[in-house]
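> please work out how this folds:
(one chain, ligands or ions: 1)
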Amino acid sequence: MTAPSGRLAGRVAVVTGAAGGFGRAIVERLLSEHARVALWDLDERRVAEVAARFDPAGTDTFSRGVDVRDSAAVDAAAAATRDALGPIDALVNNAGISAAARPWEVTDESWHEQFRVNADGTFFCIRACLPDMRERRSGKIVNVGSLAAQQGRPTTNPGYAASKGAVLGMTVSLARHLGEYGISVNAINPGFIKTEIHNQFTPEELAPLTADIPLHRGGEHGSHGRPEDIAAAVAYLASSDADFVSGEFLSVNGATRTGS
Ligand SMILES: NC(=O)c1ccc[n+]([C@@H]2O[C@H](COP(=O)([O-])OP(=O)(O)OC[C@H]3O[C@@H](n4cnc5c(N)ncnc54)[C@H](O)[C@@H]3O)[C@@H](O)[C@H]2O)c1
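Modelled structure (predicted):
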């Protein structure tokens, strides 16, 4: 990671899905930029371990097991975060799920489940953090969308693409609603970045995704991106460097979208 700045000093940021591949890198990056960070994740034990790893003294983090599908649990997590760290300045909606499936394999349950986590969960977290941001007339909301919502791909579950499309739609709508309160809302659309979310995919399913990334950097990650690439984009959008940026989608995909 490049040398951090103190762009986020004094800010309180919530990161959902903080125990996952992107989540861990985002937490590490925001802490390195001197934010205090609330780590929310379904996996209470793992998220506490992540907090302890990056903040052994426990002074700059607060971790909480929370299911973003459950709006009451999300509201309670926001209240507990306020008590622990103070009013919430930034929210990174990163929790998400995916499952490889062709359209004819998609069950009602998997369709709804992807919407419950990816779309409902994102909105519930935003709504829960808004009181602090509206009252202080400032805030940064960063939603993690996906390239899958912008480009058809053979292995992408259409329910995943549609639920991430909902995230992009709410990003634009909320940016319009919340601008008058000084709150910016943006989305990052990552391309393929190998994390545990891909554990259920076969090598054959993953091959076309890695083959289609023009920007080759080599190294241990080969041609695909790194969680740190997403973390850097999050830190920018959560900082005052992006004060006049709202309602936008930032692609982080090594030029994948330039292909056919
Ligand atoms: N990895 C990629 O290539 C890629 C590409 C585009 C978009 N994304 C998106 O980036 C985000 C992070 O993905 P990742 O690759 O780090 O995945 P990951 O599976 O490593 O991490 C996801 C985290 O979300 C948590 N989570 C799942 N359901 C939850 C719930 N109901 N409530 C709270 N937490 C929950 C999981 O416990 C996990 O820690 C997701 O929204 C994903 O859709 C990833």
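
> quick one: the spatially closest residue to residue 150 that is not a sequence neighbour from residue 146, how far?
The shortest distance from residue 150 to any non-neighbouring residue, by C-beta to C-beta, 6 or more residues apart in numbering, is to residue 189 (6.2 Å). For glycine as for every other residue, the C-beta is placed from the backbone atoms N, C-alpha and C. According to C-beta to C-beta, to the nearest Å, residue 189 stands 6 Å off from residue 146.

> just to revisit the earlier point, so what's the residue count around the residue nearest to residue 150?
24 (other C-beta atoms under 10 Å).

> residue in the stretch 51-200 of the chain nearest to the ligand?
Per C-beta to the nearest ligand atom, residue 96 is where the stretch 51-200 of the chain lies closest to the ligand, at 2.1 Å.

> mind listing what the residue nearest to the spatial centre of the chain touches?
Centroid-nearest residue in the chain: residue 94, 2.2 Å away (criterion: C-alpha atoms, centre = their mean). With contact taken as C-beta atoms under 8 Å, 6 or more residues apart in numbering, residue 94 is in contact with 15-18, 20, 22-23, 26, 144, 234.

> what do you get if the cut-off is 6 Å, keeping everything else the same?
Going by C-beta atoms under 6 Å, 6 or more residues apart in numbering, residue 94 touches 16-17, 22-23, 144.

> for the stretch 101-250 of the chain, what lies in contact range of the ligand?
Contact residues, the stretch 101-250 of the chain versus the ligand (C-beta under 6 Å from any ligand atom): 117, 121, 144, 146, 190, 192-193, 195-197.

> PyMOL command to pick out the buried ones of those?
Buried residues within those, by 16 or more other C-beta atoms under 10 Å, are selected in PyMOL with:
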select buried, resi 117+121+144+146+190+192+193+195+197
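
> what is the nearest of the residues of the stretch 101-250 of the chain next to the ligand to residue 245?
residue 144 (16.1 Å; C-beta to C-beta).

> residues in contact with residue 95?
16-17, 68, 121.

> look at it and report its pLDDT.
Listed pLDDT for residue 95 reads 98.

> leaving out the residues flanking it, which one is nearest to it?
Per C-beta to C-beta, 6+ apart, closest to residue 95 is residue 17, 3.3 Å.

> run a quick neighbour tally on the one you found.
Other residues close to residue 17 by other C-beta under 10 Å number 27.

> now do the contacts for it.
Listed by C-beta under 6 Å, 6+ apart, the contact partners of residue 17 are 23, 41, 94-95.

> and it, what are its phi and psi?
phi 60, psi 30 (degrees, to the nearest 10).

> farthest residue from the center of this protein?
residue 104 (28.5 Å).

> wait, a helix at that one?
Yes: counting by DSSP: H, G, I helix; E, B strand; the rest coil, residue 104 is found in a helix.

> got the confidence number for it?
pLDDT, residue 104: 96.

> cool, and the one 5 residues further on?
Turning to residue 109, the model gives it a pLDDT of 97.

> and it, how many neighbours?
Applying other C-beta under 10 Å, we find 8 other residues in the vicinity of residue 109.

> hang on, it in a helix?
Yes: looking at residue 109 with three-state DSSP, it is inside a helix.

> excluding sequence neighbours, find me the nearest residue to residue 62.
residue 84 (4.0 Å).

> so which strand or helix has the one you found?
Here residue 84 sits within helix 71-85, counting by DSSP states H and E.
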